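1. Okay, structure incoming, though there's no sequence with it:
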Ligand SMILES: [Zn+2]
């Protein structure tokens, strides 16, 4: 979640236009007075990435429900479509150029891909409201198969969010060691 209002002031209207006014998560149009926010799709607590590709238009409510958690498979599929859709990519690039905002499509995709492909089966991903759903590695692999692997993933920090047990993004100890569920 972007705390400062600066990002919204600068690129919020443009992101709204690109999203046709719809929240990435619930798909419903955000009424102008309904407290739209810009969400970091890959949460800052996982990897701080302010690139325009990682910023999505969302209801304040959806954004607050998601908190510092990773979004569930259907959200990932939508976000990947947004990333790959040529018209959207062009629109994001134009918005970034106009507002002198950071752009890093390849890097952002690589970070998100590494993050999701390192999750263990059953990892809790945010679905909607207070609902979480187990990660489906096969579905995630299929979704990411269309996105080429770019730069190796480097750098992350421990999550400070308040996700339910198993919902926190886990720190990867090394690139080769998959993330394991905590011992119970
Ligand atoms: Zn929403």
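-> Alright, I've got the coordinates. These numbers were taken from a predicted model, which means no experiment stands behind them.

2. going forward, measure contacts between C-alpha atoms and count neighbours the same way
-> Noted.

3. list the contacts for residue 108?
-> 49, 51, 53-54 (Cα atoms under 8 Å, 6 or more residues apart in numbering).

4. Local confidence estimate at it?
-> We have a pLDDT of 94 for residue 108.

5. give me the low-pLDDT residue ranges for this protein?
-> Filtered on pLDDT under 70, the chain yields the residue ranges 1-5, 148-184.

6. how near is the residue nearest to the spatial centre of it to the ion?
-> Centroid-nearest residue in the chain, with Cα atoms, centre = their mean: residue 41, separated by 1.7 Å. Using Cα to the ion, to the nearest Å, residue 41 is found at 13 Å from the ion.

7. With adjacent residues omitted, what lies nearest to that residue?
-> residue 54 (5.4 Å; Cα to Cα, 6 or more residues apart in numbering).

8. Got phi/psi on the one you found?
-> Dihedral angles phi and psi of residue 54 (degrees, to the nearest 10) take the values phi -90, psi 0.

9. Neighbours of it, how many?
-> By other Cα atoms under 10 Å, 24 other residues sit near residue 54.

10. contacting residues around it?
-> So residue 54 contacts 40-42, 108 (Cα under 8 Å, 6+ apart).

11. In contact with the closest residue to residue 21 other than its chain neighbours: list those residues for me.
-> With sequence-adjacent residues excluded and distances taken as Cα to Cα, 6+ apart, residue 21 is closest to residue 29, at 5.2 Å. Applying Cα under 8 Å, 6+ apart, we find residue 29 in contact with 20-23.

12. what does the chain have sitting close to the ion?
-> Within the chain, the positions lying close to the ion (Cα under 5 Å from the ion) are 23, 26, 59, 62.

13. before we move on, back to that, dump the residue contacts of the residue nearest to the centre of the chain.
-> With Cα under 8 Å, 6+ apart, residue 41 has these contacts: 54-56, 70-71.

14. can you pick the most crowded of these?
-> Most neighbours among the contacts of residue 41, by other Cα under 10 Å: residue 70, with 28 neighbours.

15. you'd agree that residue is up against residue 125?
-> Yes - with contact defined as Cα atoms under 8 Å, residue 70 reaches residue 125; the gap is 5.5 Å.

16. For the chain, which segments count as helices?
-> Taking DSSP state H to define them, one finds helices in the chain at 5-18, 60-66, 73-84, 86-99, 105-117, 137-144.
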